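**Q** Sequence below, structure please.
(chains A and B)
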Amino acid sequence: MNDLIGQISICIERGKVNKAAPYPPDMREQDGADELTKQAIDDGIDPNEILHGCMMGMQKIGEKFSRNEAFVPELLMSAKAMTAVMAHLKPFFQSGNVKRKGKFVIGTVAGDLHDIGKKLVAMVVEGNGWDVIDLGVDVSADKFIAAIDEHPGCIVGMSALLTTTMVNMEKSIQGIRAKHPGTKVIVGGAPLSTEYANKIHADGYAADPQGAVNLLNGF
Amino acid sequence: MMKKITKKLKDKKVLVSDGAWGTFLHQKGLPAGQCPESWNLTHPDKVLDIPVQYIRAGADMVLTNSFGASPFKLKHYGLQDKVFAINKAAAEISRRAAGPDRFVLGSIGPTGVILMMGEVSDQELYDGFKQQAKALEAGGADAACIETMSALDEAVIAVKAVKENTDMEIICTFTFEKTVNNDYRTMMGVSPADMLVMLKKKGVDIIGTNCGNGFQRMIDIVKEIRSMDLSIPLIVHANAGKPDVQDGKTIFPETPEKMAGFVPEIMAAGVNIIGGCCGTTPEHIRHIKQAVTLQEKNDK
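**A** Residues are numbered from 1 along each chain as shown, chains lettered A, B, ... in the order given. Now for the predicted structure:
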């Protein structure tokens, strides 16, 4: 593997955004995801390989998060580094030179304003090579359906943090199934479980962001 | 400055706090998706019944219906101009239930924004907490209860805002989860030790933990903190176990009797204030109070 790609991967795993970024302290003054990606593109490295390096870094931090070796702040820094890479890759996505794995529409269900968990999943999934459409919080069934209309073939992710709002997932899934029976829906959030996901006929339950990636890649 | 609660803890070993508010409000008809705190202005009598029932059950203190009444959360409902009115009403309602002899803890929850993401500045967070704290004090709260915290930076700003702008006592509690490595951390990676060191440094009067766990795990957390510090007053607001959904209804598995059964052990671990969080009811608090009274008698 190209050395630059390996370095980009490390920058993402460690959350090193750019040279000016003070985090992580042991990488101060070193080039970050931003500079290294620019250099890789200038060197004529295939952007698909850059995306692959990005995915590897994101996968490593996602797995650390699942093992409770990293927490939300570390994941957020990695996501920031990943965003810096994506900014350079954007023209290649637009031109079709780099293809993403598919579209993932995600939102926190109706009545629920909790943003953080959903956002973490969105970022890790994006870093794994998916095109992510984040609908935000308090997303009604109609909004999910409208997004599926707009992005045919997408997979849907639903988040809820409250026991009082997780019941809205079932209604949203029923609404989606009525209009788009083939659409896959995965669910997650603190009060959920595999049993609950099965009960409301979701296509999968993810306990953490990496779990969501594994589900998506498995479909 | 009056440190009424800390003073009382010196006279009496263990005090009892109240139980759940959020789940209680939904039981009283609050629809999912409506702003719970707006009820302080629109349904004050329904809100009042909550602290009234907890006081009747034997609570020495009650919280307020202001957990999500920060400008950041109220903005979603278009209520950001009502921060003062909603928080003041929250404290007034609980004061009406508590009377002059019981304590009112003004609830301040997390804002839901993350400082390190740059979504909000330190100053904006500070100003939001300041508005909330001043209004809670104006409504008669004895203490600010900064709760369900997971990030040290946000908690520290909330503590600073309360301290610099009010005379309220300061309680601050974090929500811990048990990791796969069997230690306790918040989602931001904060350990009970990190919390203890930082909150002591910032002059918080009472620290502790709320939500996320039933009593069993709260006992572990209390023991962990007490292994490092014998004197700081500790408060625990525990859930009635981990919720389960049956037929569209949320069921919390721990009965009042079961929760009260943990009281001797958590008292032995060194807790000073015991109360409930999600899923706990006035019945839970009544049983906890009885268990505390019985245990204190046995200890004499």
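
**Q** all helices of the chain, in order?
**A** Since you didn't name a chain, this refers to chain A. Ranges of helices in chain A, per DSSP state H, are A:3-14, A:33-42, A:47-66, A:72-95, A:116-127, A:141-150, A:163-179, A:194-199, A:209-218.

**Q** Please refer instead to chain B.
**A** B:4-11, B:22-27, B:39-42, B:44-56, B:71-74, B:83-98, B:122-138, B:152-165, B:192-201, B:215-226, B:256-261, B:263-269, B:282-299.

**Q** My guess is residue B:35 contacts residue B:66. True?
**A** No: here residue B:35 lies out of contact with residue B:66, judged by Cβ atoms under 8 Å, at a distance of 11.4 Å. Placement of C-beta: from N, CA and C, glycine included.

**Q** Just name the most buried of the helices of chain B.
**A** Stretch with highest mean neighbour count among these: helix B:83-98 (a mean of 24; mean count of other Cβ atoms under 10 Å in any protein chain shown).

**Q** Report the angle between that one and helix B:44-56.
**A** Taking axes from the mean of the first three to the mean of the last three Cα atoms, to 10 degrees, one finds helix B:83-98 and helix B:44-56 inclined to each other by 40 degrees.

**Q** is helix B:83-98 up against chain A anywhere?
**A** No: Helix B:83-98 does not reach chain A (Cβ under 8 Å from any Cβ of the partner chain); its nearest approach is 15.9 Å.

**Q** got the CA positions of that helix in CSV?
**A** Provided in CSV are the C-alpha atoms of helix B:83-98 (Å, rounded to 0.1, in the frame of the first residue of the first chain):
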residue,chain,number,x,y,z
VAL,B,83,-36.4,30.7,29.0
PHE,B,84,-36.8,32.9,32.1
ALA,B,85,-40.6,32.5,32.4
ILE,B,86,-40.5,28.7,32.0
ASN,B,87,-37.6,28.1,34.5
LYS,B,88,-39.0,30.6,37.0
ALA,B,89,-42.4,28.9,36.8
ALA,B,90,-40.7,25.5,37.2
ALA,B,91,-39.1,26.5,40.5
GLU,B,92,-42.2,28.2,41.8
ILE,B,93,-44.3,25.1,41.1
SER,B,94,-41.9,22.8,43.0
ARG,B,95,-41.6,25.4,45.8
ARG,B,96,-45.3,25.4,46.2
ALA,B,97,-45.2,21.6,46.7
ALA,B,98,-42.1,21.7,48.9
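
**Q** any idea of the angle it forms with helix B:122-138?
**A** Using the same axes, to 10 degrees: helix B:83-98 against helix B:122-138 is 40 degrees.

**Q** quick one, what contacts the closest residue in space to residue A:128 that isn't next to it in sequence?
**A** Spatial nearest neighbour of residue A:128, excluding adjacent residues (Cβ to Cβ, 6 or more residues apart in numbering or on different chains): residue A:213 at 4.6 Å. Contacts for residue A:213 (Cβ atoms under 8 Å, 6 or more residues apart in numbering or on different chains) come out as A:59, A:62, A:124, A:125, A:128.

**Q** Now do the domain split for chain A, please.
**A** Using automatic domain parsing, the domain parsing of chain A gives A:3-95, A:103-218.

**Q** JSON lines please, covering those and showing mean pLDDT.
**A** Shown next, in JSON lines, are the domains of chain A (pLDDT from 0 to 100):
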{"stretch": "domain A:3-95", "mean pLDDT": "94"}
{"stretch": "domain A:103-218", "mean pLDDT": "94"}
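
**Q** Quick one: those as TSV, columns for distance to residue B:14 too.
**A** What follows is the domains of chain A, written out as TSV (distance: least, Cβ to Cβ, whole Å):
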stretch	distance to residue B:14
domain A:3-95	32
domain A:103-218	29
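
**Q** nearest to residue B:159, of the ones you listed?
**A** Checking the domains of chain A against residue B:159 by Cβ to Cβ gives domain A:3-95 as the closest, at 19.5 Å.

**Q** and that closest one, how far apart are its ends?
**A** Domain A:3-95 has an end-to-end distance of 26 Å (Cα to Cα, to the nearest Å).

**Q** What residue, apart from its backbone neighbours, is nearest residue 67 spatially?
**A** Because you didn't say which chain, this covers chain A. Residue A:67's closest residue in space is residue B:180 (Cβ to Cβ, 6+ apart), at 6.1 Å.

**Q** that's the wrong chain, I wanted chain B
**A** Counting by Cβ to Cβ, 6+ apart, the residue nearest residue B:67 is residue B:109, at 4.0 Å.

**Q** quick one: the one you found and residue A:100, what's the gap?
**A** Using Cβ to Cβ, to the nearest Å, residue B:109 is found at 37 Å from residue A:100.

**Q** Report the contact partners of the residue nearest to the spatial centre of chain A.
**A** Using Cα atoms, centre = their mean, the residue of chain A that lies closest to the mean C-alpha position is residue A:125, 2.2 Å off. With contacts defined as Cβ under 8 Å, 6+ apart, residue A:125 is in contact with A:104, A:106, A:132, A:157, A:209, A:212, A:213, A:216.

**Q** near chain A, which residues of chain B?
**A** Counting by Cβ under 8 Å from any Cβ, chain B sits next to chain A at B:22-23, B:26, B:31-33, B:73, B:76, B:112, B:114, B:116-117, B:150-151, B:179-181, B:185-189, B:243, B:245, B:248, B:250, B:278.
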